[in-house]
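Q: No letters, just coordinates:
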């Protein structure tokens, strides 16, 4: 079923008029009177609607909590990578059910957007999350958060039940060990940029309370590691 | 350490001369006398070498089995997707340790390369696997296999200890249930093209002995599903 995200305010009414991108989308789909559509507030509430004549107005038939959100809240922390890799991770992490995607700078980041371009880029990233959320049938649009410093990222990531740093030079501690220590409802998965994290950054992460884990003996690209880890966490949490 | 793949025949000698793409790569890296390099036969054997003067000849110092290959053999079966998605899956699946990648046609495949272009494409796909194997430090280059029919893919996939079909309309059986039934050393993970598999194809897969599994309540893109499932299988098999 087609899915539209609207503002929480729009959701409060019993009739919902599609505007902007949603209206355009509805026109492309040639939505007809009597068809059903799902409208979500992007925060986990949904309503099943029926299309009225004209194709852009919907009447709410049933309200429900989204059934496609993961029970576990996984935040994906990624050091700014080059070019379109962050976009790739935002799209895939959204499909895979991430709660949010957090981008942050680290010592070896070669590409850190400047203040000026950042606002525009963040808007673009948020749109990618929205579009992936629609396509994958999510009830929530993951927020794309941009942080100013590595320190800030560490402090924020450490607040989860399980704060994990994925590091290619770690040999002993596996992701499984870290996850199986105790039950969890929130996980932070942090990983580095193309050149990896610096040793002192890994040290800082440990001091901040993060567990440093391996993703196995093969070296993963910086855009593969978060997707691999997120998939494994969702599997471990019983999502599939 | 830099890693070169050579033929098993070249590996038998105590001196290895780099040629072709390897020689070019060595020149780009400006390899110097006395440096170390790892040479692999792409089938799991490796030797630690030292560079001789000139930078293109290596002397074997130590032979060993590759330590980066997964104990579990996972074959990724993917119905031909559009454009560059298969290339993406080949690259990522190689990084994540897949044993082989098998492409096959299914009813809703919109893009099936013709006989003529297939040979060239297979060559290209195999090069992507080689390059990803080098970069991720693998001891084995996964073979990219192209099959002629869906039926053939089913029969081949069903031979693994665990033959699994990932299907978005499955609700009851999770990947975890299928994996935890009994120990396994080989797994086939099959998934459909953009439009999904047809119901009768899913029926055929069940008849061929495949277990039909869900990857959770979110709809994954056709290029995300195999990567997600492969990551989960590697996690379940104790790789990380």
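A: Yep, it's here. For clarity, every value in this text was computed on a predicted model and none was experimentally measured.

Q: As a check, name the ranges of all strands in chain A.
A: A:3-5, A:15-17, A:36-40, A:45-51, A:57-65, A:73-79, A:100-104, A:143-146, A:162-166, A:186-191, A:211-213 (DSSP state E).

Q: The third one near chain B anywhere?
A: No. For a cut-off given as C-beta under 8 Å from any C-beta of the partner chain, strand A:36-40 has no contacts with chain B; the smallest distance is 12.7 Å. In this view, the C-beta of every residue, glycine as well, is placed from N, C-alpha and C.

Q: just the last one next, same as before
A: Yes. Shown here: strand A:211-213 in contact with chain B (C-beta under 8 Å from any C-beta) through residue A:213.

Q: Does anything pack onto that strand? Which helices or strands?
A: Under the contact definition 3 or more C-beta pairs under 8 Å, 6 or more residues apart in numbering or on different chains; DSSP states H and E, strand A:211-213 sits against strand A:162-166, helix A:175-180, helix A:199-207.

Q: Relative to chain B, which of the ones you listed is closest?
A: Chain B sits nearest to helix A:175-180 of all the helices and strands packed on strand A:211-213, at 5.2 Å, using C-beta to the nearest C-beta.

Q: Enumerate every residue touching the closest residue to residue A:124 other than its chain neighbours.
A: Sequence neighbours aside, residue A:87 is the residue nearest to residue A:124 in space, at 7.8 Å (criterion: C-beta to C-beta, 6 or more residues apart in numbering or on different chains). For residue A:87, the contacting residues are A:124, A:125, A:128, by C-beta atoms under 8 Å, 6 or more residues apart in numbering or on different chains.

Q: Chain A against chain B: which residues are in contact?
A: Within reach of chain B by C-beta under 8 Å from any C-beta, chain A has these residues: A:67-68, A:70, A:92, A:95-97, A:135-138, A:174-176, A:213-221, A:224, A:227-229, A:231-232, A:234-236, A:238-240.

Q: Going through those, which ones are buried?
A: Neighbour counting over those (16 or more other C-beta atoms under 10 Å in any protein chain shown) leaves A:68, A:70, A:92, A:95-97, A:135-138, A:174-176, A:213-221, A:224, A:227-229, A:231-232, A:234-236, A:239-240 as the buried ones.

Q: and the residues you listed, which of them are in helices?
A: Applying DSSP state H to those, the entries found in helices are A:92, A:95, A:135-136, A:175-176, A:227-229, A:231-232, A:234-236.

Q: what's the farthest-apart pair in those residues?
A: Within those, two members stand farthest from each other by C-beta to C-beta: A:135 and A:176, at 30.4 Å.

Q: contacting residues around stretch A:54-66?
A: Here stretch A:54-66 has contacts from A:13-18, A:23, A:26-27, A:30-33, A:36-37, A:39-40, A:44-52, A:138-140, using C-beta under 8 Å, 6+ apart.

Q: cool, stretch A:15-28 as well?
A: Contacts of stretch A:15-28 (C-beta under 8 Å, 6+ apart): A:2, A:4-6, A:10, A:39, A:47, A:49, A:52, A:55-60.

Q: Closest one of these to residue A:162?
A: The closest of the contacts of stretch A:15-28, once distances to residue A:162 are taken by C-beta to C-beta, is residue A:5, at 29.2 Å.

Q: For the closest residue in space to that closest one that isn't next to it in sequence, grab phi and psi.
A: Once flanking residues are discounted, residue A:5 sits nearest to residue A:42: 4.6 Å by C-beta to C-beta, 6+ apart. Main-chain torsions, residue A:42, degrees, to the nearest 10: phi 80, psi 0.

Q: ok, residue A:42 touching residue A:140?
A: Yes. Applying C-beta atoms under 8 Å as the test, residue A:42 and residue A:140 come out as touching, 6.1 Å apart.

Q: Between these two, which contacts overlap?
A: Joint contacts of residue A:42 and residue A:140 (C-beta under 8 Å, 6+ apart) are residue A:133.

Q: Now residue A:227. Nearest residue, chain neighbours left out?
A: residue A:92 (5.0 Å).

Q: check contacts around the one you found.
A: A:132, A:227, B:224, B:227.

Q: Then residue A:134?
A: Residue A:134 neighbours (C-beta under 8 Å, 6+ apart): A:3, A:4, A:5.

Q: Distance of it relative to chain B?
A: 10 Å (C-beta to the nearest C-beta, to the nearest Å).

Q: cool, residue A:226 as well?
A: 11 Å.

Q: Next one, pLDDT for that residue please.
A: As predicted, residue A:226 sits at a pLDDT of 98.

Q: Run a quick neighbour tally on the nearest residue to residue A:3 once chain neighbours are set aside.
A: Distances taken as C-beta to C-beta, 6+ apart place residue A:38 nearest to residue A:3, at 4.6 Å, with adjacent residues excluded. Number of residues near residue A:38 (other C-beta atoms under 10 Å in any protein chain shown) recorded here: 19.

Q: give me every residue that touches residue A:38.
A: Residue A:38 touches A:1, A:2, A:3, A:4, A:46, A:47, A:48, A:49, counting by C-beta under 8 Å, 6+ apart.

Q: So among those residues, which ones count as buried?
A: Members of the contacts of residue A:38 classed as buried by 16+ other C-beta under 10 Å are A:3, A:4, A:46, A:47, A:49.

Q: Return the member of those residues nearest to residue A:81.
A: Distances from residue A:81 to those, taken by C-beta to C-beta, are shortest for residue A:3, at 29.1 Å.

Q: Contacts only, for the closest one.
A: Contacts of residue A:3 (C-beta under 8 Å, 6+ apart): A:37, A:38, A:39, A:40, A:134, A:137.

Q: ok, now residue A:53?
A: residue A:33.

Q: so residue A:136 touches residue B:220, yeah?
A: Yes. Contact criterion C-beta under 8 Å: residue A:136 and residue B:220 qualify, at 6.7 Å.
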